[in-house]
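Participant: predicted model and sequence follow; I will ask about them next.
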Amino acid sequence: MKNYMTVKAVAFFLAVAAMFCTLWGCNSSVKGLDTNAGEDVNINLVYSLKSAEDIENLVTDDNILVINYYDAYIWTVIFDDAGNIDHMIYIYKFDTPEKARSMTETRKHELQRNKTMKVNTAKSVDNFLLVDLVDSSFEGVTRETLENNFKNLIVY
């Protein structure tokens, strides 16, 4: 009978410990453990664009502003939950996937020459080149200002 009570006590303790760990992980403020799906979409947008079709179907919504910058490139501005600019993705279209791949490092280095820009990642997808970056010169610029200044270029 004593062994039976010990087994029940250990099982109860393990169940409580597992429940505590699960709840702590869901409520933790430790980066990477949160479960806010909207935030994940903003941070990982560049990784969710996996095909030319994904890129061509990219449109403005509550979290992103998509601007066709005079057909030179697609300028995608991603906003955080507070409405501030979180980061940007420049999307360039090339004639071939090979040209997009060959331009990846070149374009990344060109943009990094601008001291206000920090390139997070650059990758090619089909015949597109995607450069994810943060531009400190846009600190304090609101979505409303961008929408007003580029109203005829926004992709809906």
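Facilitator: Happy to help now that I have it.
Participant: ramachandran coordinates for Ile91?
Facilitator: Note on Ile91: its backbone torsions stand at phi -120, psi 120 [degrees, to the nearest 10].
Participant: which strands border the helix or strand that contains Val77, and is each parallel or antiparallel?
Facilitator: Counting by DSSP states H and E, the element that carries Val77 is strand 73-79. Using DSSP bridges, the strands paired with strand 73-79 are strand 64-69 (antiparallel), strand 85-93 (antiparallel).
Participant: relative to strand 85-93, how tilted is the helix or strand following the longest one?
Facilitator: Yep, that's strand 85-93 we're talking about. Next in sequence after strand 85-93, counting helices and strands by DSSP H and E, comes helix 97-112. Angle, helix 97-112 to strand 85-93, by axes from the mean of the first three to the mean of the last three Cα atoms, to 10 degrees: 140 degrees.
Participant: so can I have CSV of the strands paired with strand 73-79 showing mean pLDDT and mean neighbour count?
Facilitator: Yep, even glycine has a C-beta here, placed from its N, CA and C like the rest. Listed next are the strands paired with strand 73-79 as CSV, based on pLDDT from 0 to 100; neighbours: other Cβ atoms under 10 Å:
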stretch, mean pLDDT, mean neighbour count
strand 64-69, 97, 18
strand 85-93, 97, 20
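Participant: select, out of the ones you listed, the one closest to Met117.
Facilitator: Proximity to Met117, assessed across the strands paired with strand 73-79 by Cβ to Cβ, is greatest for strand 85-93 (9.0 Å).
Participant: other residues contacting that closest one?
Facilitator: Strand 85-93 is contacted from outside by 42-43, 45-46, 55, 58, 73-80, 100, 103, 107, 111, 120, 127-135, 138-139, 141, 143, using Cβ atoms under 8 Å, 6 or more residues apart in numbering.
Participant: make sure Asp81 is indeed in a helix.
Facilitator: No - Asp81 sits outside any helix when classified using DSSP: H, G, I helix; E, B strand; the rest coil, being coil.
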